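Trainee: Here's a sequence, model it:
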Amino acid sequence: MCKRIIDLVFSLLGLLLAAPLMLLIALFIRMDSPGSVFFSQKRLGLKGRHFMVHKFRKFPSDWGSAGPGVTVAGDARMTKVGKFLERTKLDELPQLWNILLGEMSFVGPRPESLRYADLF
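Mentor: Predicted coordinates:
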């Protein structure tokens, strides 16, 4: 229960403090390439539950699911803004929303892509 309260407080605080930066990032993504600002993907959560994880989009929206299922340093598929987001890890700020909703936690295992679910 204490862990959940900490997740709630810090995710809400993080969302409030990061809101201006997140708006700026969204604007840069829209200027860099057409399409949605966010990338959403179904992930495997606690006790096998599926949920949609949200991140800022680093790749062109028309890229689809081509290429490897993981992002590597210097990935040629990334947009200009995407490269910056990858280096700084700012692409993960929208995950504060997932933490606020209780789908993720600040501490715990990384929610894995369903592409790799059979490996667990």
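Trainee: Find the helix or strand that the nearest residue to K58 once chain neighbours are set aside is a member of.
Mentor: Leaving aside its chain neighbours, K58 sits nearest to G82 (3.1 Å; criterion: C-beta to C-beta, 6 or more residues apart in numbering). In this view, the C-beta of every residue, glycine as well, is placed from N, C-alpha and C. For G82, the host element (DSSP states H and E) is helix 80-88.
Trainee: At which residues are the helices of the protein located?
Mentor: Taking DSSP state H, the helices of the chain run over residues 2-32, 80-88, 95-100.
Trainee: What ranges in this protein fall below the confidence cut-off?
Mentor: Within the chain, the segments meeting pLDDT under 70 span 63-74, 116-120.
Trainee: Pick the most deeply packed of the helices of the chain.
Mentor: helix 95-100 (a mean of 19; mean count of other C-beta atoms under 10 Å).
Trainee: ok, so what distance separates the nearest residue to V81 once chain neighbours are set aside from V9?
Mentor: Spatial nearest neighbour of V81, excluding adjacent residues (C-beta to C-beta, 6+ apart): D32 at 4.3 Å. According to C-beta to C-beta, to the nearest Å, D32 stands 33 Å off from V9.
Trainee: Kindly report the same for K55.
Mentor: Following C-beta to C-beta, the distance that separates K55 from V9 is 22 Å.
Trainee: same question, M78
Mentor: For M78 relative to V9 (C-beta to C-beta), the value is 33 Å.
Trainee: which ones are touching the nearest residue to L12 once chain neighbours are set aside?
Mentor: Distances taken as C-beta to C-beta, 6+ apart place L100 nearest to L12, at 6.0 Å, with adjacent residues excluded. Shown in contact with L100 (C-beta atoms under 8 Å, 6 or more residues apart in numbering): D7, L8, S11, L12, L15.
Trainee: The third one touches P94, doesn't it?
Mentor: I take that to be S11. No - applying C-beta atoms under 8 Å, one finds S11 not in contact with P94, separated by 11.0 Å.
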